[in-house]
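**Q** Sequence plus predicted model, see below.
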2 protein chains.
Amino acid sequence: MAGCGVCHTDLGYFYDDVPTRHALPLALGHEISGRVVRTADDTTEWRDKTVIVPAVIPCGHCELCSRGRYAICAKQKMPGNDIQGGFGTHIRVPAFGLCPVDGSRLDDAGLELADVSVVADAVTTPYQAVARSGLAEGDLAVVVGVGGVGGYTVQIASALGAKVVAVDVDPGKLDIISGYGAALTLNARELGFRELKQAVRDFAKENGLRETESIIFECSGTAAGQLTAYGLVTFGSTMCVVGFTLDKVEIRLSNLMAFDARLLGNWGCEPALYPAALDLVLNQRIQLLPFVERRPLAEINEVFATVHSGGMRRRAILVPDAAA
Amino acid sequence: MAGCGVCHTDLGYFYDDVPTRHALPLALGHEISGRVVRTADDTTEWRDKTVIVPAVIPCGHCELCSRGRYAICAKQKMPGNDIQGGFGTHIRVPAFGLCPVDGSRLDDAGLELADVSVVADAVTTPYQAVARSGLAEGDLAVVVGVGGVGGYTVQIASALGAKVVAVDVDPGKLDIISGYGAALTLNARELGFRELKQAVRDFAKENGLRETESIIFECSGTAAGQLTAYGLVTFGSTMCVVGFTLDKVEIRLSNLMAFDARLLGNWGCEPALYPAALDLVLNQRIQLLPFVERRPLAEINEVFATVHSGGMRRRAILVPDAAA
């Protein structure tokens, strides 16, 4: 294990009674990078390779996988949910879907192997959501919630040519992301919803963008964020549900009909998309370093508490103590 | 005007304060068939043709139309909403999108021109929803609400090779549709939701269908129906929002993420799909006659009241009095 990112999902399991599929006790953690130190006899080609472990590992050979429906493979394994997770020194995972990391490209980008742990989930999950949304050059994208996942969503959408509006309730997060792809930042706590909506509309107009077919990414994983995102849905919009919350929201579902709009749920990212997402990182079209912070694994309890209290600006990457 | 169908949407305008886009007074009615009696100088080729008028008429030449986004064309005209509707003897409509009706094929199918008025909207709207859903041979489809639009949804999905479960709260509607493509009917008032869900699962198993990737059509246009439909969403499901209601529903939106599922809103049907939908009718793969009832236009007030009170099993088609 080189590093394992601490995700909102881990906090859900730990603090909010979201059940893990594997019975407790269970090591959490699903944003994993490391070096392969031991293999089965039929996967020796992976030995000593530096890799990212997908956050969702499909079995690769069931009927669903054979049709490319990896996200709903019934035998998929998510570390820290179905199998032991990455908050440890070693982990045993299937070889299917491992994403090789080129050490020299890593060096060139000024990154360590631990840093790219967050590519699993925090970068790849929005990457798949963006890919599925059909986002293209010149599109208007709105990202609601620009913490870990949402921040990368801004960067990815911007790298792929969209003009991105970032919405959050935390001015600090908005400040940071304005330097990394957000062309406009809006504080949903300061603005009334009508003002927020009008600001998005004005932004589209000023930038010569279409006001229809906006692509909205809900990354806050909060009911309030979902209501904001859903309220921004307009004619032909695509809203991607990337964040998770157990909370319900009260919405007028028929707006989707009246607006000819759609809502796309997105679970993880299929392994085949990992290399392209990693390329964006290694080509430095997405910046990781301003958004991550390595911490010794021994401090996991303190780190969890800090993240949970909102006291951590960057995504924590827990690094096994020998390496830290 | 040969005939104009009475739709749930008309009742919404009339009884439920749903605003029309054109100021009142306004003739309602958007399911229109008839004969072209007069044309502009540049559309004389339509003269004397029997046609169906699309319920949503895109302008055909704006930037959105040029990209095939007809449903969100800002200049679209819906009779009985943007322009005068079909509850009259004559109507003036753009030539763009008119769907020719072959009189001899109509005769062969035992239909009158008035009968195919319901192809606009009641048949074509679900036809577009089905087309967009990607429904294919052997899929599991669930239709919630099998009144006017929902009944045709059952027939279309079945004609295209899906195994269809019909859900409604009206045993009469379920009885009828079981003879027209519903392989299983479920009464959502008699069954608890868990039983309903289990019945759909059992049906899939017994028929060797996939339990994942079900395609669910919400056609009731009620909050209760939307909650039922949303509750049936499972791994990889597509839920199409076809019915309209102003009511809100309280749902856990993140289920879409956890299930990797999607919600597709559907507004009307693009004119290019009308001929294929009409073909299903003229080839008698969809039956209209058991589901329609011609009534004189002079009885419009009585017909509206009867439909509104739920006293009408079939879709009323109002026929101008001279023709009735």
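**A** Nice, thanks for sending it over. Just so we're clear, the structure is a prediction, and the values are computed from it rather than from any experiment.
**Q** separation between the nearest residue to residue A:116 once chain neighbours are set aside and residue A:300?
**A** Nearest residue to residue A:116, sequence neighbours excluded (C-beta to C-beta, 6 or more residues apart in numbering or on different chains): residue A:33, at 5.1 Å. In short, each C-beta sits where N, CA and C put it, glycine included. Distance of residue A:33 to residue A:300, computed by C-beta to C-beta, to the nearest Å: 17 Å.
**Q** Those two: which is more packed in?
**A** residue A:33 (27 against 19; other C-beta atoms under 10 Å in any protein chain shown).
**Q** List the contacts of that one.
**A** A:2-4, A:50-53, A:101, A:113-117, A:119-120 (C-beta atoms under 8 Å, 6 or more residues apart in numbering or on different chains).
**Q** Can you classify it by secondary structure?
**A** Here residue A:33 is strand, with the state taken from DSSP: H, G, I helix; E, B strand; the rest coil.
**Q** what's the spacing between it and chain B?
**A** Plainly put, residue A:33 is 24 Å away from chain B if you go by C-beta to the nearest C-beta, to the nearest Å.
**Q** coming back round to it: just list whatever residues bridge to the residue nearest to residue A:116.
**A** Assessed by DSSP bridges, residue A:33 has beta-bridge partners residue A:3, residue A:52.
**Q** Next one: it, what pLDDT does it get?
**A** Note for residue A:33: predicted pLDDT of 98.
**Q** any idea how far residue A:278 is from it?
**A** 10 Å.
**Q** now residue A:237
**A** Distance from residue A:237 to residue A:278, by C-beta to C-beta: 29 Å.
**Q** Residue A:76 contacts residue A:70, doesn't it?
**A** Yes. Counting by C-beta atoms under 8 Å, residue A:70 is a contact partner of residue A:76 at 7.5 Å.
**Q** Could you check which of the two has the larger neighbour count?
**A** The neighbour comparison of residue A:76 against residue A:70 (other C-beta under 10 Å) goes to residue A:70, with 27 against 24.
**Q** residues contacting the more buried one?
**A** Per C-beta under 8 Å, 6+ apart, neighbours of residue A:70: A:56, A:58, A:64, A:76, A:270-272.
**Q** Try it again at 6 Å.
**A** For residue A:70, the contact set (C-beta atoms under 6 Å, 6 or more residues apart in numbering or on different chains) comprises A:58, A:270.
**Q** ditto for residue A:221
**A** Taking C-beta under 6 Å, 6+ apart, we find residue A:221 in contact with A:8, A:243-245.
**Q** again, 8 Å this time
**A** Residue A:221 sits next to A:8, A:145, A:243-245, B:254 when contact means C-beta under 8 Å, 6+ apart.
**Q** same deal with residue A:254?
**A** By C-beta under 8 Å, 6+ apart, the neighbours of residue A:254 are B:221, B:226, B:241, B:243-246, B:265.
**Q** what do you get for residue A:197?
**A** A:231-232.
**Q** Then residue A:214?
**A** Applying C-beta under 8 Å, 6+ apart to residue A:214 gives the contacts A:139-142, A:200, A:204, A:232-234, A:237-238.
**Q** would you turn those into CSV with distance to chain B, pLDDT and neighbour count?
**A** Converted to CSV, the contacts of residue A:214 look like this (distance: C-beta to the nearest C-beta, whole Å; pLDDT from 0 to 100; neighbours: other C-beta atoms under 10 Å in any protein chain shown):
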residue, distance to chain B, pLDDT, neighbour count
A:139, 13, 98, 20
A:140, 14, 98, 26
A:141, 18, 98, 29
A:142, 16, 98, 29
A:200, 17, 98, 22
A:204, 14, 97, 20
A:232, 14, 98, 21
A:233, 9, 98, 22
A:234, 9, 97, 20
A:237, 9, 98, 25
A:238, 10, 98, 22
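**Q** Between the residues you listed, which sits nearest residue B:189?
**A** residue A:233 (31.6 Å; C-beta to C-beta).
**Q** what's the nearest residue to the closest one if we skip its chain neighbours?
**A** Residue A:233 sits nearest to residue A:261 (C-beta to C-beta, 6+ apart), 5.0 Å away.
**Q** Could you check how far the most centrally placed residue in chain A is from residue A:155?
**A** With distances taken as C-alpha atoms, centre = their mean, the residue of chain A nearest its centroid is residue A:122 (2.8 Å). Residue A:122 sits 11 Å away from residue A:155, taking C-beta to C-beta as the criterion.
**Q** do the same with residue A:184
**A** 15 Å.
**Q** now swap in residue A:117 and tell me
**A** 17 Å.
**Q** of those two, who's got more company?
**A** Set side by side, residue A:117 and residue A:155 show more neighbours around residue A:117, with 32 against 26, by other C-beta under 10 Å.
**Q** Quick check: mean pLDDT of the helix or strand hosting residue A:303?
**A** Residue A:303 belongs to helix A:300-308 when assigned by DSSP states H and E. Here helix A:300-308 scores 96 as its mean pLDDT.
**Q** which strands and helices sit next to that helix?
**A** Applying 3 or more C-beta pairs under 8 Å, 6 or more residues apart in numbering or on different chains; DSSP states H and E, we find helix A:300-308 packed against helix A:8-15, strand A:315-319.
**Q** Only the buried residues of that helix, if you could.
**A** Using 16 or more other C-beta atoms under 10 Å in any protein chain shown as the test for burial, helix A:300-308 gives A:300, A:303-304, A:307-308.
**Q** go on, stretch A:45-53?
**A** Buried residues in stretch A:45-53, counting neighbours by 16+ other C-beta under 10 Å, are found at A:50-53.
**Q** ok, now stretch A:196-216?
**A** Buried-residue list, stretch A:196-216, by 16+ other C-beta under 10 Å: A:196-197, A:200, A:203-204, A:209-216.
**Q** try stretch A:309-324
**A** Within stretch A:309-324, judged by 16+ other C-beta under 10 Å, the buried ones are A:312, A:314-320, A:323.
**Q** Ok, stretch A:14-29 next?
**A** Applying 16+ other C-beta under 10 Å to stretch A:14-29 flags A:14, A:20, A:22, A:26-29 as buried.
**Q** ditto for stretch A:83-95
**A** A:83-88, A:91, A:93-95.
**Q** Helices - which of the residues you listed land there?
**A** Among those, no member falls in helices (DSSP state H).
**Q** just to revisit the earlier point, mind picking the two most distant members of the contacts of residue A:221?
**A** A:145 and B:254 (12.6 Å).
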